[in-house]
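K.L.:
Sequence first, then the predicted structure, then my questions.
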Amino acid sequence: MIYRLFPFILLIATVLALIHPFLFTWFSGPLIPIGLGMIMIGMGMNLKMEDFRAVKESPISVVVGVVLQFSIMPSAGYIIASLLDLPVAYFAGLVLVASCPGGTASNVIVYLARGNLALSVVLTSISTFLAIGITPSLVGFIVGSRLEVNPWGLFFSTLQVVLIPIILGLTINRYFARVAKVGRSLSGYISVLFITLIVASIIGSGRDIILAGDGKIFAAVIGLHATGFLLGYGIVRWILKRGGEEARTISIEVGMQNSGLGAVLARSNFVAPETAIPSAISSLVHSLFGSFLAGIWRNSKENSVDPERGG
């Protein structure tokens, strides 16, 4: 499966972008939102009404997952950026990616980790739709005191690169079954291709800034995602006393952001190019974290004794 190789493809592309930026910097301008739009169309084609049965089957899980998604990560982004005293552009970029919905790759990571795939799909879908209003509001509220932010600009950008492509994908899935079938078979490859190009392009464009930095931004992004995975699991498993399958699923959903969306919003709504760098680094970090945890959880004893799995 292509997603199994995704972290390694992304890592190789990142290294190449730092060594030879020209290999990826051609992918810029309107190509970046178009690439994200293609990913979202694929997401729409993979959605079915049956997927949303998880809302009826476990509404508490859905509410918990969505609340943790939009509370843990933005709070962690603000606290970490403040503690590390990040420059304003990095501060805004970290908060922006922290305020984004769950990433599209999270569904596959949940599958590999033997989590609740239906719940994962629902959480990704609902958080993506809610992000149209929540993400601009959070960024405006948190960053507004440090940097001029146009929430309406963020709102309309999110609308364009999220809602419209997903509705298009849903329409294709509903009325053009044969086209949708082909699209679903290619969506994984398309997602990996465009996320890699988006991330590598931003890394390549910001190469000099990244290499001249003191490493704080890497520490900030690593800390952000580590917090998301850890608190997402800990709160559900140990505080709310839910099953391990549910805890794994929500941990992955909270810890993995739609970094591609963050990068597009940063490029479209902020003047400083450095604002998009946290999103680019985020994509690599959460993919590596998620794959690592999936390997541990897939083979853990918890899977054999988890009552939710009937073991």
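P.N.:
In hand now; what should we look at?
K.L.:
residues near V121, how many?
P.N.:
Residues lying near V121 (other Cβ atoms under 10 Å) number 23. All C-beta atoms are positioned from the backbone trio N, CA, C, and that covers glycine.
K.L.:
what about it, which helix or strand?
P.N.:
helix 117-143 (DSSP states H and E).
K.L.:
Is there a neighbour count for the nearest residue to I164 once chain neighbours are set aside? I'd like the number.
P.N.:
Nearest residue to I164 in three dimensions, chain neighbours excluded: G37, at 7.7 Å (Cβ to Cβ, 6 or more residues apart in numbering). Counted with other Cβ under 10 Å, residues neighbouring G37 total 20.
K.L.:
correct me, but G37 touches V161?
P.N.:
Yes. With contact defined as Cβ atoms under 8 Å, G37 counts as touching V161 (5.6 Å).
K.L.:
Put the alpha carbons of stretch 26-37 into PDB.
P.N.:
Extracted as PDB, the C-alpha positions of stretch 26-37 are listed here (Å, rounded to 0.1, in the frame of the first residue of the first chain):
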ATOM      1  CA  TRP A  26       8.600  24.700  -9.800                       C
ATOM      2  CA  PHE A  27       5.500  23.400  -8.000                       C
ATOM      3  CA  SER A  28       4.200  26.700  -6.700                       C
ATOM      4  CA  GLY A  29       1.600  29.400  -7.100                       C
ATOM      5  CA  PRO A  30      -1.800  28.100  -8.200                       C
ATOM      6  CA  LEU A  31      -0.400  24.500  -8.400                       C
ATOM      7  CA  ILE A  32      -0.400  24.200  -4.600                       C
ATOM      8  CA  PRO A  33      -4.100  24.800  -4.000                       C
ATOM      9  CA  ILE A  34      -5.000  22.800  -7.100                       C
ATOM     10  CA  GLY A  35      -3.000  19.900  -5.700                       C
ATOM     11  CA  LEU A  36      -4.800  20.100  -2.400                       C
ATOM     12  CA  GLY A  37      -8.100  20.300  -4.200                       C
END
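K.L.:
Surely I9 is in contact with V192?
P.N.:
Yes. With contact defined as Cβ under 8 Å, I9 reaches V192; the gap is 6.3 Å.
K.L.:
So which bits of the longest helix along the chain are buried?
P.N.:
Selection of the longest helix in the chain by residue count, based on DSSP state H, yields helix 177-205. Residues 180, 183, 187-188, 190-205 are the ones in helix 177-205 that count as buried (16 or more other Cβ atoms under 10 Å).
K.L.:
what's near enough to touch G93?
P.N.:
Counting by Cβ atoms under 8 Å, 6 or more residues apart in numbering, G93 makes contact with G262, A266, F270, E274, T275, A276, I277, P278, S279.
K.L.:
And those, which is closest to T249?
P.N.:
Nearest to T249 out of the contacts of G93 is G262 (Cβ to Cβ; 22.0 Å).
K.L.:
burial count for the closest one?
P.N.:
Using other Cβ under 10 Å, G262 has 29 other residues around it.
K.L.:
Could you report the separation of it from F129?
P.N.:
According to Cβ to Cβ, to the nearest Å, G262 and F129 sit 17 Å apart.
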